[in-house]
Structure formats: structure tokens, C-alpha cells
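Peer 1: Pasting the sequence and the predicted model now:
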Amino acid sequence: MPYSQSGANLLDGMIDRINAEPLAFVVHVGDITSGTGPCGDEWLEARRKQFARFKQAEVLARRHAGLVVLMQANPFVKPRLGGANGFDGILERLRHLGAEMPGKVLLVHGDTHRYRDDEPLPGLRRIEVFGSPQMRWVRGRIAHAGAKLFDVEPAPQ
């Protein structure tokens, strides 16, 4: 959601209601268009602006000294046909948070079906989870000691 302009209009109201609540965290799980829905740069930019309105993420990061960002897509994949990748705004925000809170921002995503544990932006730790054909999972914990806030490792097979 949203898969259409009417859904996008409903999303604005839902974000307002969410922002009015004293929530611990907010997670969006899903797509932002259907297989046959709009998918141009204008549509993606409008969704980016909508998701940027969620206030909980940065408030939580500052209150709890860390932030975990969960998403399906790999925002570092370059578009095959060139042009905008639709993630420039998210990457800029992650760049800013990584600089402000090095080692305390964790991005977890899927998409390219290979496991990665790296630092694609200064201060930002990325975990890309396994995908088909591997049936694996990753264990994550809050580390109470050491330089890294998050302890993440693939679970044994």
C-alpha cells in the first residue's frame, strides 16, 4: 500500500494518525505499488516524501541511542536502465544518521539474495539477508558492550 492515488491519499491520513500516537516504533512491510500500478520517478518521489513524514524513527534513534531500518529492497542497487533509483532520499537520511550516530544505525534488507554484513556508508552497518535458494536466517541482538551496538550473525545451519 499504496497501489493507487486513492491509496496514497489514505496513507497521508494514516501517517497523521500514527504520528499522533506514542508508539515505540513503526515498520512498513510491503510494496509501494502493484505489479501493474504506477512506478515512475514522480510516483516514487511522492512515496519517499510520505514516508519521510514518519517522525518516530529519528525520535527513537535519539532516545534509545540506536536505530534499525528494515526494508525489502536493496537501496544500493543501481538501476539497470539508468536514471534515479528512487532511494536517494533514504540514502541521504541514512548517510546523515550514520554520521551522527556511527555504529548505532543498522539497515536490514533483502533483494539480491546474498548475505552481506558491511558498512556501505560511513557509520551505517548493513545486513543483507539470505534469499532463495538458501533457506537461512540471521540472529540479531543488542550488544551491551563493545564498539558496535548490534551483534548480528548468520544462525548455524
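Peer 2: That came in fine, so what should we check first?
Peer 1: Excluding chain neighbours, give the residue nearest to Gly131 in space.
Peer 2: His113 (3.0 Å; CB to CB, 6 or more residues apart in numbering). All C-beta atoms are positioned from the backbone trio N, CA, C, and that covers glycine.
Peer 1: Can you name the residues that contact the one you found?
Peer 2: 130-132, 134 (CB atoms under 8 Å, 6 or more residues apart in numbering).
Peer 1: before we move on, which element is it in?
Peer 2: According to DSSP states H and E, His113 maps onto no helix or strand at all.
Peer 1: Surely Lys104 and Leu149 touch.
Peer 2: Yes - taking CB atoms under 8 Å as the definition, Lys104 is a contact partner of Leu149 at 4.6 Å.
Peer 1: overlap in contacts of those two?
Peer 2: Listed as contacting both Lys104 and Leu149 by CB under 8 Å, 6+ apart are 65-66.
Peer 1: So which bits of the helix ranked longest in the chain are buried?
Peer 2: Across the chain, the helix with the greatest residue count (assigned by DSSP state H) is helix 5-19. For helix 5-19, burial by neighbour count (16 or more other CB atoms under 10 Å) applies to 8, 11, 15.
Peer 1: Thanks again, I'm all set now.
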